[in-house]
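>>> How does the following fold in three dimensions:
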Amino acid sequence: MKTKELIKMKIENDISAFEKIGIKNNHGMSGKNIRNYISEPKYEEYIEATDNLGIMLWTVLEEPNSGYLIVYHEEFGEFGLALKTNDNKRIFLGIYGNFVETFSSM
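Residues are numbered from 1 along each chain as shown. The predicted model follows:
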């Protein structure tokens, strides 16, 4: 299975598992509209917040107002948070777990 398809499957499985209990975050996104924000996985360079080194991650969601991003770390097989700065740099903040756990941490 290709990486993009694997990521999409993981996201959909996580959302489906949590829809019944209600998923939401502090940015007005919920289980009812989350699919509107998910983007086609895109392999992009990020800067690690801890050591300022470059790292390649899959961008899967961009929150339009705050600059938060959800990324997929292929090596760990988990999702994490990142921030997009005003000058369009992408800063990787860390791994948060599955898609919904990461989404809820935004």
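>>> Name the residues of stretch 12-21 that are buried.
By neighbour count on 16 or more other C-beta atoms under 10 Å, the buried set for stretch 12-21 is 14-15, 18. C-beta: built from backbone N, CA, C; applies to glycine.
>>> Which residue is the nearest non-sequential neighbour of the spatially most central residue of the chain?
Centroid-nearest residue in the chain: I70, 1.6 Å away (criterion: C-alpha atoms, centre = their mean). Using C-beta to C-beta, 6 or more residues apart in numbering and skipping residues adjacent in sequence, the residue nearest I70 is L61, 4.0 Å away.
>>> Does that neighbour touch F103 like I think?
Yes: using C-beta atoms under 8 Å, L61 is in contact with F103, at 7.5 Å.
>>> who touches both of those two?
Shared contacts of L61 and F103, defined by C-beta atoms under 8 Å, 6 or more residues apart in numbering, comprise I70.
>>> what about those two, which has more around it?
F103 (29 against 22; other C-beta atoms under 10 Å).
>>> With E78 as the reference, measure out to the more buried one.
Taking C-beta to C-beta, to the nearest Å as the measure, F103 falls 13 Å from E78.
>>> for K8, same thing?
Per C-beta to C-beta, K8 is found 15 Å from E78.
>>> Same check on E5?
Going from E5 to E78 by C-beta to C-beta gives 17 Å.
>>> Neighbour count for those two, which is higher?
Taking other C-beta under 10 Å, E5 and E78 do not tie; E78 has more neighbours (17 against 10).
>>> need the contact list for the more buried one.
So E78 contacts 72, 95-98 (C-beta under 8 Å, 6+ apart).
>>> Which neighbouring elements make contact with the helix of greatest length in the chain?
For the chain, the helix with the greatest residue count under DSSP state H is helix 3-18. Secondary-structure packing of helix 3-18 (3 or more C-beta pairs under 8 Å, 6 or more residues apart in numbering; DSSP states H and E): strand 38-48, strand 54-62, helix 99-104.
>>> Many thanks, we can stop here.
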